[in-house]
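S.K.: Sharing a sequence plus its predicted fold:
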Amino acid sequence: MMNIRLPAVAGHFYQRDPVQLRSQIQRWLHNELHESKSIKAILVPHAGYIYSGTTAALAYSLINRQKSRFNKVILVGPSHHYYFDGCALPVCEQFGTPLGQIVICQEHRQQLQHVPLVIFSDEVHQNEHCLEVQLPFLQSCLNRFQLTPIVTSNISAEALATVIAPLWQEDTLLVISSDLSHYHSYAEANEIDQHTCDKIEHFQASISPEEACGATGVNALLILAARHHYQLRLLQRINSGDSAGDKSRVVGYASYIVTDI
């Protein structure tokens, strides 16, 4: 019997109805953005779609236009429910969403089977929203792909980069899931997030969890991108005060693409 992770936040972070969900995402993917260089990775937020869906969609719309290049996706985000040493892949064989099922990459799992600081746990993945909210976008952009979902906890960015590096090949898209600062006033958040984006755009892999909840994944991306001499491009930076209206206590969001030279 196939072991499937069922969606945990459908109907909360995004629409449960597949027709409405597909229609919403397809509407967001239509814009005038263009990228002529080969996209290697994206950095996207992971709040509910009403807060950060349109910001994430900007990066996915560019992936949609290069969809034929990708057969595999490495998806990395921080654990919001468990603290453990290392990073975690699931044991199950598929992830399900309202748009269907995604096969977990067995080739990558075998490569990581005996790597230090890599554990295998369905429990860690069961209720984790930061990866799940990216899945309907990926299903809407790519034809067919295999997924390597990685949830991070107590692991350095350097160690995570070592885990990701051998998997990140020409046919593989790297997706880093992270929001920016949390629960500051609108003005404070703008100042903090601008400083964080300045560090991202200068490949300074020193971002703290207070600056971005997925700091480990973001820093690992910056280490790997600098190593390959890749380029970064900011598509949008907003916060929940812009998308939801309440500016008293906001969360910051940004989307980036990483391309070759």
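M.R.: Thanks, I have the structure now.

S.K.: Closest to the centroid, which residue in this protein?
M.R.: In the chain, the residue lying closest to the centroid (C-alpha atoms, centre = their mean) is Ser177, at 2.6 Å.

S.K.: Report the spatially nearest residue to that one, omitting neighbours in sequence.
M.R.: The shortest distance from Ser177 to any non-neighbouring residue, by C-beta to C-beta, 6 or more residues apart in numbering, is to Gly77 (3.6 Å). Quick note: C-beta positions are derived from backbone N, CA and C, even for glycine.

S.K.: And Leu117, by the same measure?
M.R.: Distance criterion C-beta to C-beta, 6+ apart; nearest residue to Leu117, sequence neighbours excluded, is Gly86 at 3.5 Å.

S.K.: what about the helix or strand harbouring Gln139, distance to the chain center?
M.R.: Secondary structure assignment for Gln139, by DSSP states H and E: helix 135-141. Relative to its parent chain, helix 135-141 has a centroid offset of 12 Å by C-alpha atoms, centre = their mean, to the nearest Å.

S.K.: Also stretch 234-253?
M.R.: Here stretch 234-253 is found 18 Å from its chain centre; the criterion is C-alpha atoms, centre = their mean.

S.K.: now do stretch 93-109
M.R.: Counting by C-alpha atoms, centre = their mean, stretch 93-109 is centred 16 Å from the centre of its parent chain.

S.K.: Run through who's touching it.
M.R.: Outside stretch 93-109, the residues within contact range by C-beta atoms under 8 Å, 6 or more residues apart in numbering are 2-7, 10, 15-18, 21-22, 72, 74, 89-90, 92, 120, 132, 135-136, 138-140, 145-149, 167.
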